[in-house]
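*Asks:* Fold the following, please.
(one chain, ligands or ions: 1)
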Amino acid sequence: MHSVLSAETIEFQPIGDVRGELVALEGKRNIPFEIKRVYYMTGLSPEIPRGFHAHRKLEQIAICVMGSCRFILDDGRFRKEVWLRTSRQGLYIGNMVWREMHDFTRDCVLMVLASEVYDEADYIRDYEVFRSQASKDEKS
Ligand code: T46
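*Replies:* Numbers count the residues shown, from 1 in each chain. Prediction:
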């Protein structure tokens, strides 16, 4: 049963010196799954949101490596909002969490680490279908 929404921020420890900062991301170390895919988004607009889907199995970590944006996360029972404003922080998004991304700054570069390769069959892109599946999962 999902009693708490499976989405939380993770703090990364940057390695810094006079040359700047370096953040290392390693599967099963500071990232809670093996990383099978990395993708990133650029050329984003404040007025044009993205997302509006959930994943049946996929787990991901989203990082604003530049700029900022706002996530809305919803597991069918609970809804929360998370701002990503620093590259020192990642947002873990578990499976069966509806996500929307809003308010991208023009310089935003949103990078995502994923536990699986791309599979369109893993997406639930209709909110009512998602709600109904989430409530079935909760009962089983
Ligand atoms: C997610 C949020 C945070 C691919 O061909 N390969 C890929 O690895 C991805 C991620 C997407 N695509 C194709 C599928 C669509 O034709 O690229 C197009 C744009 O994808 P989508 O509309 O799903 O993009 P977003 O920004 O709504 O969602 C993306 C991820 O798809 C999704 O998994 O959780 O970012």
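*Asks:* Which residues are in contact with residue 101?
*Replies:* By Cβ atoms under 8 Å, 6 or more residues apart in numbering, residue 101 lies in contact with 49, 50, 51, 62, 69, 70, 71, 110. Placement of C-beta: from N, CA and C, glycine included.
*Asks:* switch the cut-off to 7 Å
*Replies:* Counting by Cβ atoms under 7 Å, 6 or more residues apart in numbering, residue 101 touches 49, 50, 51, 69, 71.
*Asks:* now it: how far from residue 7?
*Replies:* Counting by Cβ to Cβ, to the nearest Å, the separation of residue 101 from residue 7 is 13 Å.
*Asks:* what's the answer for residue 37, then?
*Replies:* For residue 37 relative to residue 7 (Cβ to Cβ), the value is 19 Å.
*Asks:* In a helix, residue 21, correct?
*Replies:* No. Counting by DSSP: H, G, I helix; E, B strand; the rest coil, one finds residue 21 to be strand, located in no helix.
*Asks:* what about the residue nearest to it when sequence neighbours are not counted, how many residues close to it?
*Replies:* Sequence neighbours aside, residue 14 is the residue nearest to residue 21 in space, at 4.1 Å (criterion: Cβ to Cβ, 6 or more residues apart in numbering). Neighbour count of residue 14, defined by other Cβ atoms under 10 Å: 13.
*Asks:* now do residue 30
*Replies:* Using other Cβ under 10 Å: residue 30 sits among 15 other residues.
*Asks:* contacting residues for it?
*Replies:* Residues counted as contacts of residue 30 (Cβ under 7 Å, 6+ apart) are residue 12.
*Asks:* how close does it get to the ligand?
*Replies:* To the ligand, residue 30 is 19 Å away according to Cβ to the nearest ligand atom, to the nearest Å.
*Asks:* ok, back up a step: of residue 37 and residue 7, give the one with the bigger neighbour count.
*Replies:* A direct count of neighbours by other Cβ under 10 Å for residue 37 and residue 7 places residue 7 higher, at 21 against 14.
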